[in-house]
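A.B. asks: build the 3D model from these lines:
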Amino acid sequence: MCEERIKNILIHRVGRIVSSRVRDSLLLVFMAFLGIAIYSPSIHGPFIFDDLDNIVQSPAVQMTELSWASIKTAAVDGFLKDRPVANVSFALNYLAGQYQVTGYHLVNIILHVVTGFLLYLFFKVTLQIINKDNGVSTTFAIPAIAALIWFVHPLQSQSVAYVVQRMNSMAAMFYLLAMLLYVYGRLAERKGNKALLLIASGLSGLLALGSKENAATLPVFVFLYEWYFLQDLSRDWLKKRSKYLVAVVVSFLTLGLYFLGSNAVGRIMAGYRFRDFTMFQRLLTELRVIIFYMSQLLLPLPSRLSVEHDVPLSYSLITPINTMLSAFFIILLIVLAIKSARRERLLSFSILWYLGNLLIESSVIPLELVFEHRNYLPSMFFVLILVCLIDRVIRSSRFKIIIAGLVIVLFSMGTYQRSTVWGDEETFLRDSAEKAPGSSRVHTALGNTLSKKGEYAEAIMAYRQSLSVDPADDAAYLGLGNTAFLQGRYEQAIFNYRKALSFASIDPEVFLPSMHGLGLVFEEMGQWQEALSYFEMALRFRPDDREIQTDLAKLRYKIRRKEFNKNLP
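C.D. replies: Sure thing, here's the model as predicted:
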């Protein structure tokens with residue numbers, strides 16, 4: 001009788017394990033198919049903006065053979081040298097297919113699928129830990145629905161469809177894996193397994209940090225997670241582990257000093273010399289930006305999503321007035337996180353996770369004011385807490401499933417629509433220019449695209465719009481010069497190339513093409529000596545440029561041939 005009972009218990013437990021694994025496997029397969037489906041329109045999207053610096057124009061990632069030397073070159077000499085893991089991934093993509101964009105996009109989608117599944121596992125184990133304390137259901141449904149909603153959310157499209165933002169998604173993936181391995185390690189019963197999992201967690205954390213610097217918050221959230229969910233917010237434990245808290249703070253500051261250098265304050269202040277806002281204005285404006293991010297998470301309409309956003313600056317707490325309102329709301333969230341910590345641990349932790357993981361890119365560092373991809377990591381627990389709150393409020397299981405299904409379908413449609421925009425260069429740039437008319441970069445890029453297509457009148461309008469925003473936009477003058485050259489308006493081309501040079505200084509992305517363009521113009525005008533001098537100056541600046549080498553060699557041949565013909569009897 002006893003043996004029969006033990007046998008039934010074992011069968012029941014094995015059945016539950018197998019059933020759980022089957023569900024998990026099916027969810028992973030579903031995420032893979034869903035990810036490909038909603039991001040398929042973006043798979044042929046061209047390299048744009050920062051893709052050019054980090055991939056197309058970065059010799060370090062142009063790997064021709066798989067060797068330690070080439071891997072080291074990609075890791076150490078990439079455009080952003082503090083992101084070696086992401087740089088190596090670009091190099092491997094280049095080795096597989098050079099500049100075939102499909103491969104780069106497929107890798108981004110795969111990373112997103114893996115991140116989505118890791119998020120499900122992390123939600124699942126977290127809910128299992130806190131289930132007894134707050135009554136949240138730990139069934140398959142809640143973690144799966146929360147992970148799926150995050151996975152298909154249109155706001156994540158920038159991290160997936162924008163090739164270079166693989167840096168962001170890779171950092172989040174390894175960050176999440178580090179957290180998950182840490183929790184598994186802490187829950188493991190065997191000492192050997194515990195040690196291996198914790199070591200793997202540390203290695204994953206290093207990979208996250210090597211993908212993007214915002215992973216520097218990982219030690220903080222590992223410590224918070226331990227205190228919140230594994231130590232029941234014990235004050236005695238916190239007092240006894242005060243040295244670990246000091247170690248976390250020191251590690252965070254050390255990472256900051258590593259990335260910013262010994263003169264961190266000086267480097268931060270120097271960065272504002274190239275911005276049209278001060279540190280104080282940025283800090284105030286970011287209060288409103290954080291609220292804007294939250295509104296996008298709740299209402300991700302296509303009209304509210306763009307690669308860039310025009311954000312009016314905040315000059316004081318009352319200019320504009322919603323700066324003060326935003327500050328007040330954020331303070332309320334922080335107070336809520338503190339007050340609700342014991343009664344609503346998940347809510348408290350979710351607030352800290354969201355605000356804490358926005359902190360690095362939404363504080364004093366002189367970055368651009370708004371980018372949607374910054375929500376990729378912070379939004380994870382934001383979604384989970386919303387799903388858990390709805391689960392509490394709505395009692396009908398059927399109604400819960402209907403709402404969850406409807407949200408997933410609508411968000412999938414929204415992401416598919418955004419992917420369609422990302423998949424075509426002109427569509428993408430027109431969409432961006434309409435939504436961010438104050439972005440000179442977008443208008444210049446649109447002008448370049450239109451000029452290549454021979455739509456010169458519209459291209460000129462785009463360049464003029466760029467210059468109306470930024471009269472010193474050297475890239476817009478370069479575009480005007482190229483367009484005038486293609487139209488045969490050589491005097492106008494010379495004027496614009498020289499204007500570009502006057503603003504470009506020694507920026508190779510504008511300086512070289514402008515010098516080269518002047519050489520081509522003077523060659524067409526028959527002023528070969530003038531053309532020769534510009535080609536030679538450009539080549540002195542970049543001796544290994546094959547295009548300039550070829551044009552210079554052709555011109556020298558023409559000059560020699562002309563001299564030879566003159567000397568014939």
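
A.B. asks: from start to finish, how long is stretch 359-372 in a straight line?
C.D. replies: This stretch, stretch 359-372, spans 14 Å end to end (C-alpha to C-alpha, to the nearest Å).

A.B. asks: let me fix that: stretch 208-215
C.D. replies: One end of stretch 208-215 sits 6 Å from the other (C-alpha to C-alpha).

A.B. asks: tell me the average confidence for that stretch?
C.D. replies: Mean per-residue pLDDT for stretch 208-215: 95.

A.B. asks: again with stretch 85-93
C.D. replies: Per-residue scores along stretch 85-93 average to 97.

A.B. asks: which strands and helices sit next to the helix or strand containing N93?
C.D. replies: Per DSSP states H and E: N93 is located in helix 84-97. When contacts are defined as 3 or more C-beta pairs under 8 Å, 6 or more residues apart in numbering; DSSP states H and E, helix 84-97 sits against helix 68-77, helix 101-134, helix 166-187, helix 191-211. The way it works is simple: take the backbone N, C-alpha and C, and place the C-beta from them, glycine included.

A.B. asks: could I get these as CSV with mean neighbour count?
C.D. replies: As requested, the helices and strands packed on helix 84-97 are arranged in CSV below (neighbours: other C-beta atoms under 10 Å):
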stretch, mean neighbour count
helix 68-77, 15
helix 101-134, 20
helix 166-187, 24
helix 191-211, 17
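
A.B. asks: got TSV for these, with distance to Q158 too?
C.D. replies: Converted to TSV, the helices and strands packed on helix 84-97 look like this (distance: least, C-beta to C-beta, whole Å):
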stretch	distance to Q158
helix 68-77	24
helix 101-134	11
helix 166-187	8
helix 191-211	16
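
A.B. asks: can you tell which of these is closest to Y416?
C.D. replies: helix 101-134 (12.9 Å; C-beta to C-beta).

A.B. asks: can you name the element that comes right after the closest one?
C.D. replies: Using DSSP H and E, the next helix or strand after helix 101-134 towards the C-terminus is helix 141-152.

A.B. asks: off-centre distance for that next one?
C.D. replies: In this view, helix 141-152 has its centroid 21 Å away from the chain centroid, taken as C-alpha atoms, centre = their mean, to the nearest Å.

A.B. asks: which regions of the stretch 201-350 of the chain sit below the pLDDT cut-off?
C.D. replies: 255-262 (pLDDT under 70).

A.B. asks: lowest average confidence, helix or strand, in the chain?
C.D. replies: Counting by mean pLDDT, DSSP states H and E, the weakest-scoring helix or strand in the chain turns out to be helix 242-260, with a mean of 71.

A.B. asks: so which bits of the following helix or strand past that one are buried?
C.D. replies: Using DSSP H and E, the helix or strand that follows helix 242-260 in sequence is helix 264-271. Going by neighbour count (16 or more other C-beta atoms under 10 Å), the buried part of helix 264-271 is A264, I268.

A.B. asks: check stretch 456-469 too.
C.D. replies: Under the neighbour-count criterion of 16+ other C-beta under 10 Å, stretch 456-469 has Y456, A459, I460, A462, Y463, Q465, S466, L467, V469 buried.

A.B. asks: ok, stretch 430-441 next?
C.D. replies: R430, D431, S432, A433, K435, A436, S439, S440, R441.

A.B. asks: then stretch 273-283?
C.D. replies: F277, M279, Q281, R282.

A.B. asks: same question, stretch 398-405
C.D. replies: Quick answer for stretch 398-405 (16+ other C-beta under 10 Å): K400, A404.

A.B. asks: what's the model's confidence in that stretch, averaged?
C.D. replies: Here the average pLDDT along stretch 398-405 is 92.

A.B. asks: quick one: contacts of that stretch?
C.D. replies: Residues outside stretch 398-405 that contact it (C-beta atoms under 8 Å, 6 or more residues apart in numbering) are A141, I145, I149, V387, I390, D391, I394.
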